[in-house]
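Asker: 3D, please:
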Amino acid sequence: MRKGVTFLISIALMFGLGGIIIGSFLNVVIYRVPKGESIISPGSHCPKCGHALRAWELIPIVSFIIQGGRCLNCRTKVSWRYPGVELLTGLLFSLTGTLGFLMGFHPARIGLNLVFTASLIALTFIDFDTYRLPDVLTLPLWGLGLIGGFIIPGYPSGWESILSSLGAGGFFWLITRIHPQGMGLGDVKLVAALGAFLGFPGIFLAVFLGSLVGAIVGLVILWLGHRGFRQQIPFGPYLSLGAVLTLWWGTRIFDWYWAWFK
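Answerer: As a prediction, this is how the structure comes out:
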């Protein structure tokens, strides 16, 4: 029993540490993609003075602490969001990978789910910053979900991915035709990608959970007086949250739901 727990903790730490490293890369994606800049060249540098970061300055979280949250060259303050994204990615990777392992997912499916999670983190912060979901992230994510359905064992299958993607994406596209101010085409493409990864009925659970959380947060913001009814609120982060929750516990939620009505 103790060996099993120790092994499970090791698995969780392995995924978590990998996630922290990926989170450092996601910070680059979040910053550069909306600006149309390359995520490869030039290397990591201070956006204020251009100071090229040395190898030890790129160590996730640790370098932020050692540097006191400032650039060593110009002493410009570095946002807490950088280590925050790294920690968040580490936590989500640990949960996604460990739960996938416990549920007996194919290793390739676990890997695909980790890519899915990383993409949603990047899209979430980009949407918060710019109110946009760039095609350069949503379209490859959609294609990856469809391809994964055909070549990786597990749920959903390829045709289920296609049907869920087209059904959910088509439904949201109709909403944009009827009420263009409600959401953008970026949200439609994200929903299509979520459908490819989650299948049916997982995609509808993800949309329901995301809409529920988004509505609650929106009401709280209105109550606090930070926004008006006509002000834009990004929907991508809430869709992403609903998708991750469905990825982790969708099966259990559906089992609980059907048991409740028996």
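
Asker: And the helices in the stretch 151-262 of the chain?
Answerer: 158-178, 185-198, 202-224, 236-260 (DSSP state H, counting those that start in this stretch).

Asker: Can you add mean pLDDT, mean neighbour count and distance to residue 112 and give these back as CSV?
Answerer: (Each C-beta comes from the backbone N, C-alpha and C, glycine too.) As requested, the helices of the stretch 151-262 of the chain are exported to CSV (pLDDT from 0 to 100; neighbours: other C-beta atoms under 10 Å; distance: least, C-beta to C-beta, whole Å):
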stretch, mean pLDDT, mean neighbour count, distance to residue 112
helix 158-178, 91, 17, 11
helix 185-198, 94, 26, 8
helix 202-224, 87, 16, 14
helix 236-260, 87, 18, 11
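
Asker: in the stretch 51-200 of the chain, which ranges drop under the pLDDT threshold?
Answerer: Flagging of the stretch 51-200 of the chain using pLDDT under 70 yields the residue ranges 181-182.

Asker: The most centrally placed residue in the chain is in what secondary structure piece?
Answerer: What sits nearest the mean C-alpha location of the chain, by C-alpha atoms, centre = their mean, is residue 120, with 1.9 Å. Element membership for residue 120, per DSSP states H and E: helix 107-130.

Asker: Tabulate the CA atom coordinates of the helix or strand hosting residue 89 in PDB.
Answerer: Per DSSP H and E, residue 89 falls inside helix 81-102. Provided in PDB are the C-alpha atoms of helix 81-102 (Å, rounded to 0.1, in the frame of the first residue of the first chain):
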ATOM      1  CA  ARG A  81       1.900  36.300 -13.300                       C
ATOM      2  CA  TYR A  82       5.000  34.700 -14.800                       C
ATOM      3  CA  PRO A  83       5.700  32.300 -11.800                       C
ATOM      4  CA  GLY A  84       1.900  32.100 -11.400                       C
ATOM      5  CA  VAL A  85       1.400  30.600 -14.900                       C
ATOM      6  CA  GLU A  86       4.300  28.200 -14.200                       C
ATOM      7  CA  LEU A  87       2.800  27.000 -10.900                       C
ATOM      8  CA  LEU A  88      -0.700  26.800 -12.400                       C
ATOM      9  CA  THR A  89       0.600  24.700 -15.300                       C
ATOM     10  CA  GLY A  90       2.500  22.400 -12.900                       C
ATOM     11  CA  LEU A  91      -0.700  21.900 -10.900                       C
ATOM     12  CA  LEU A  92      -2.900  21.200 -13.800                       C
ATOM     13  CA  PHE A  93      -0.300  18.900 -15.400                       C
ATOM     14  CA  SER A  94       0.000  17.000 -12.200                       C
ATOM     15  CA  LEU A  95      -3.800  16.500 -11.900                       C
ATOM     16  CA  THR A  96      -4.300  15.700 -15.600                       C
ATOM     17  CA  GLY A  97      -1.500  13.300 -15.900                       C
ATOM     18  CA  THR A  98      -2.100  11.500 -12.600                       C
ATOM     19  CA  LEU A  99      -5.900  11.100 -13.200                       C
ATOM     20  CA  GLY A 100      -5.200   9.900 -16.700                       C
ATOM     21  CA  PHE A 101      -2.800   7.300 -15.300                       C
ATOM     22  CA  LEU A 102      -5.300   6.200 -12.600                       C
END
